[in-house]
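1. sequence first, predicted model second:
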Amino acid sequence: MSRVRPGCERHAARRVSGFTLIENMVALAVFAIGALAISYLIVDGMRLAKMGQGETEAYIAAQEMIGMLRGDSVAAINYNNVNLSSTAPPTGGTPEDLNLEAWWAALTQLPGTAGSPVIAATGKPRLQASIQVVSTFGNNQCPCNALITESWGQNTYVVATTVDY
């Protein structure tokens, strides 16, 4: 029969209950992976929200321009082949130019359009916009079809509409 020294029972029980260093490290690794996944989801959600905000603002700016075209459908054809960029913003004093300046002011609120007019990495303008207005009957009068394109950063928003009399 073996003899157990006094106090050894307590040490044996302590070894059985509790976690080893390896078990703690595995648990910490599982927690870290979960925390990284959650932080990735949060960051990705914020990126998508920012992108959605930009698309909403682009939609609003395009709708403002559509309203201007429809508000004076006789002059809508004058907006054909309008091409604007952050290196060539609208200037002038005609009513059409004032409308373009108001539209441009809305476009400059898009995310990522602040700063230098040219993207240093690509050499392209930071913000571009164009309007194409084509007469339905080919007589340079409305009814006509308008195509509005707004591009900023890597995003592009395009809307087509009909402008009646």
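-> Sure, I can see it. Keep in mind that what you see is a predicted model, and the values were worked out from it rather than measured.

2. just list whatever residues bridge to residue 132.
-> residue 147 (DSSP bridges).

3. who's in contact with it?
-> The contact partners of residue 132, by C-beta atoms under 8 Å, 6 or more residues apart in numbering, come to 80, 81, 146, 147. (C-beta placed from N, C-alpha, C; glycine too.)

4. measure how buried the third one is and give me the count.
-> Other residues within reach of residue 146, judged by other C-beta atoms under 10 Å, total 23.

5. same check, this time on the first one
-> Residue crowding around residue 80 was assessed by other C-beta under 10 Å; the count is 14.

6. re the thing from before, dump the contacts of residue 132 into JSON lines; add distance to residue 121 and pLDDT as well.
-> Shown next, in JSON lines, are these (distance: C-beta to C-beta, whole Å; pLDDT from 0 to 100):
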{"residue": "80", "distance to residue 121": "33", "pLDDT": "92"}
{"residue": "81", "distance to residue 121": "29", "pLDDT": "93"}
{"residue": "146", "distance to residue 121": "32", "pLDDT": "95"}
{"residue": "147", "distance to residue 121": "28", "pLDDT": "96"}
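
7. turn these into CSV, columns for distance to residue 46.
-> Compiled in CSV, these are given as follows (distance: C-beta to C-beta, whole Å):
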residue, distance to residue 46
80, 40
81, 38
146, 34
147, 32
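
8. can you map out the helices along the protein?
-> Applying DSSP state H to the chain gives helices spanning 8-16, 21-71, 95-107.

9. ok, the residue nearest the centre of the chain - contacts?
-> When C-alpha atoms, centre = their mean is applied to the chain, the residue found nearest the centroid is residue 51 (2.3 Å). Residue 51 makes contact with residue 155, according to C-beta under 8 Å, 6+ apart.
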